[in-house]
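# Next input, structure requested:
(one chain, ligands or ions: 2)
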Amino acid sequence: MDREGFVAALNQDLELEYQSMIQYIQHIATIKGAEYQSTLDELAIHVRQELDHALALARQIDFLRGVPSTRVREPAPSTEPREALERDLALEEAQLVRYRERVEQANELGLPDVAESLAPLLQQTQEHTRDLRGALG
Ligand SMILES: [Fe+2]
Ligand SMILES: [Fe+2]
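Ligands and ions are numbered 1, 2, ... in the order given. Coordinates of the predicted model:
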């Protein structure tokens with residue numbers, strides 16, 4: 001992968017973080033039931049971390065002389081709690097695979113600083129995946 005392809009992939013990562021934020025906001029506001037209370041508390045932490053991820057990605061894209069995307073991938077609305085959490089998990093798992101690839105690619109391209117700044121995204125995405133797997137039982 002060349003640098004241009006790498007920046008394009010980072011921009012797709014950024015668009016997925018926008019989607020993640022929108023999805024969590026809708027799910028946090030609409031999921032009801034005492035059995036989901038602790039999960040909702042976790043999702044409220046996730047959504048703020050997704051904002052940090054989006055900011056980190058946008059800064060790296062700018063650093064690599066790209067233009068951070070403003071394109072939003074709109075998630076399908078979800079009203080059923082389990083379905084909502086399954087969608088959240090599917091998105092986190094897809095992001096986890098992408099961030100593993102991205103850290104590797106950054107190192108291959110001789111961009112260790114970029115790889116380092118992506119490390120927290122990878123780690124927190126791992127935690128989000130774990131939280132959601134736990135919530136779904
Ligand atoms: Fe994220
Ligand atoms: Fe996440």
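
# Assess the claim that Pro68 and Ala58 are in contact.
Yes. Between Pro68 and Ala58 there is a contact at 3.8 Å, judged by C-beta atoms under 8 Å. The way it works is simple: take the backbone N, C-alpha and C, and place the C-beta from them, glycine included.

# Please name the nearest non-neighbouring residue to the residue of the chain found nearest ligand 2.
Using C-beta to the ion, the single residue of the chain nearest to ligand 2 is His128, 3.6 Å away. Nearest residue to His128, sequence neighbours excluded (C-beta to C-beta, 6 or more residues apart in numbering): Glu92, at 4.7 Å.

# so the one you found touches Gln124, yeah?
No. Glu92 lies out of contact with Gln124 (C-beta under 8 Å); the separation is 9.8 Å.

# Could you check which of these two has the larger neighbour count?
Each of Glu92 and Gln124 has its neighbours counted (other C-beta atoms under 10 Å); Glu92 has more, 23 against 19.

# where's the more buried one, which helix or strand?
helix 81-108 (DSSP states H and E).

# returning to that earlier point: now do the shared contacts for Pro68 and Ala58.
Leu14 (C-beta atoms under 8 Å, 6 or more residues apart in numbering).

# Tell me the buried residues in the helix holding Glu92?
Burial within helix 81-108, assessed by neighbour count using 16 or more other C-beta atoms under 10 Å, is assigned to 81, 84-85, 87-89, 91-92, 95-96, 98-99, 102-103, 105-106.
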